[in-house]
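Asks: what follows is a predicted protein model with its sequence.
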Amino acid sequence: MGRSPCCEKEAGLKKGPWTPEEDQKLLAFIEQHGHGCWRSLPAKAGLRRCGKSCRLRWTNYLRPDIKRGKFTIQEEQTIIQLHALLGNRWSSIATHLPKRTDNEIKNYWNTHLKKRLAKMGIDPVTHKPRANAGASSGAGAGNNAGARYRAAAHLNHTEQWENARLEAEARLAREANLRALASTPVSPVNTPGAKVRVCFYYRARSS
DNA sequence: AAGAATGGCAACCGCCGTGAA
DNA sequence: ATTCACGGCGGTTGCCATTCT
């Protein structure tokens, strides 16, 4: 039973980058009325966009509580720790970084953190040391001191990440307990319905 | 200086879960 | 019990900016 696409190919529906005028319209409308039903919002706000596009623009860019700009070391650590625990569940990760959007975190992971971990010889999917770590890091074959240094550094990093991971695990467990005690709604981390699509794919850029 | 390659990020696509009818 | 609409999510793409050759 196929679902029709959420955004019908309606004539005149605009796609692509948002203009400042569109941003202004969306912002003004939501500030005045709240977003309500996203589907009907564009018509009410005078936008020629689909509701989904409006929602995305709002949640990823226009929301006033979004922190933009460079991620701090602490934020990076949190992302790495949570990714080790949760995999690519960006929305869950984002709940622990309240001012960052899942899209931003996902982008940051794919463009920065993933590469950094790989460079350190850590598999960005499993967060465990790679068996052949360092073999492809461009190490000069005859440089033993360099190799020793890299090996030590690698062990050091591995240890660091593992500790961080355990810390995060403990913290999340504590938080879960507190939530259970307070009988508040379970967090996305433990929500049964939360998507567990851990399989990871990263588009290899064609060169 | 110019073109190619790469990086970074905003936005789109399609699937899934949920709740209402 | 089934269908449908909607919101939400993760994966992917496309474009602009920056760096490299």
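Replies: Cool, the structure landed. Numbers count the residues shown, from 1 in each chain, chains lettered A, B, ... in the order given.
Asks: can you confirm whether the helix or strand encompassing residue A:81 lies near DNA strand B?
Replies: Using DSSP states H and E, residue A:81 maps to helix A:73-86. No. Taking CB under 7 Å from any atom of the strand as the criterion, helix A:73-86 and DNA strand B are apart, separated by no less than 12.3 Å. Heads up, the C-betas are built off the backbone N, CA and C, glycines and all.
Asks: what's the closest non-adjacent residue to residue A:22?
Replies: For residue A:22, ignoring the flanking residues on the chain, the nearest one in space by CB to CB, 6 or more residues apart in numbering is residue A:47 at 6.0 Å.
Asks: now do that neighbour against residue A:56, distance only.
Replies: 13 Å (CB to CB, to the nearest Å).
Asks: check residue A:62 too.
Replies: When CB to CB is applied, the distance between residue A:62 and residue A:56 equals 10 Å.
Asks: do residue A:95 as well
Replies: Taking CB to CB, one finds residue A:95 at 18 Å from residue A:56.
Asks: got the buried residues for the helix or strand containing residue A:105?
Replies: Residue A:105 is part of helix A:102-108 when elements are defined by DSSP H and E. For helix A:102-108, the neighbour count (16 or more other CB atoms under 10 Å) marks A:102, A:104, A:105, A:106, A:108 as buried.
Asks: settle this for me: the first one is touching residue A:86, isn't it.
Replies: No. At 11.6 Å, residue A:102 and residue A:86 do not qualify as touching, with contact defined as CB atoms under 8 Å.
Asks: give me the common contacts of those two.
Replies: Listed as contacting both residue A:102 and residue A:86 by CB atoms under 8 Å, 6 or more residues apart in numbering are residue A:93.
Asks: list the beta-bridge partners for the residue lying closest to residue A:128 once chain neighbours are set aside.
Replies: Closest residue to residue A:128 apart from its sequence neighbours, by CB to CB, 6+ apart: residue A:122 at 7.0 Å. In this entry, residue A:122 is beta-bridged to residue A:129, by DSSP bridges.
Asks: per-residue pLDDT, residue A:122?
Replies: Per-residue pLDDT puts residue A:122 at 84.
Asks: then residue A:57?
Replies: On the pLDDT scale, residue A:57 is placed at 92.
Asks: residue ranges with poor pLDDT in chain A?
Replies: Low-confidence segments of chain A (pLDDT under 70): A:1-11, A:131-207.
Asks: domains in it, by residue range?
Replies: Chain A breaks down into these domains under automatic domain parsing: A:20-62, A:73-134+A:146-181.
Asks: where along chain A do the helices fall?
Replies: Per DSSP state H, chain A carries helices over the ranges A:20-33, A:41-45, A:51-57, A:73-86, A:90-95, A:102-108, A:114-119, A:144-181.
Asks: against which helices or strands is the first one packed?
Replies: Contact here means 3 or more CB pairs under 8 Å, 6 or more residues apart in numbering; DSSP states H and E; on that basis helix A:20-33 packs against helix A:41-45, helix A:51-57.
Asks: alpha carbons only: can I get stretch A:33-48 in PDB?
Replies: Output in PDB follows, covering the C-alpha atoms of stretch A:33-48 (Å, rounded to 0.1, in the frame of the first residue of the first chain):
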ATOM      1  CA  HIS A  33       0.700  31.500  14.800                       C
ATOM      2  CA  GLY A  34       3.100  28.700  15.700                       C
ATOM      3  CA  HIS A  35       3.800  26.100  13.000                       C
ATOM      4  CA  GLY A  36       0.700  24.000  13.700                       C
ATOM      5  CA  CYS A  37       0.100  21.700  10.800                       C
ATOM      6  CA  TRP A  38       3.100  21.800   8.500                       C
ATOM      7  CA  ARG A  39       1.100  20.700   5.500                       C
ATOM      8  CA  SER A  40      -1.200  23.600   5.500                       C
ATOM      9  CA  LEU A  41       1.400  26.100   6.700                       C
ATOM     10  CA  PRO A  42       2.900  27.100   3.300                       C
ATOM     11  CA  ALA A  43      -0.500  28.200   2.000                       C
ATOM     12  CA  LYS A  44      -1.300  30.200   5.100                       C
ATOM     13  CA  ALA A  45       2.200  31.800   5.200                       C
ATOM     14  CA  GLY A  46       2.100  32.600   1.500                       C
ATOM     15  CA  LEU A  47       4.900  30.300   0.600                       C
ATOM     16  CA  ARG A  48       5.200  28.200  -2.500                       C
END
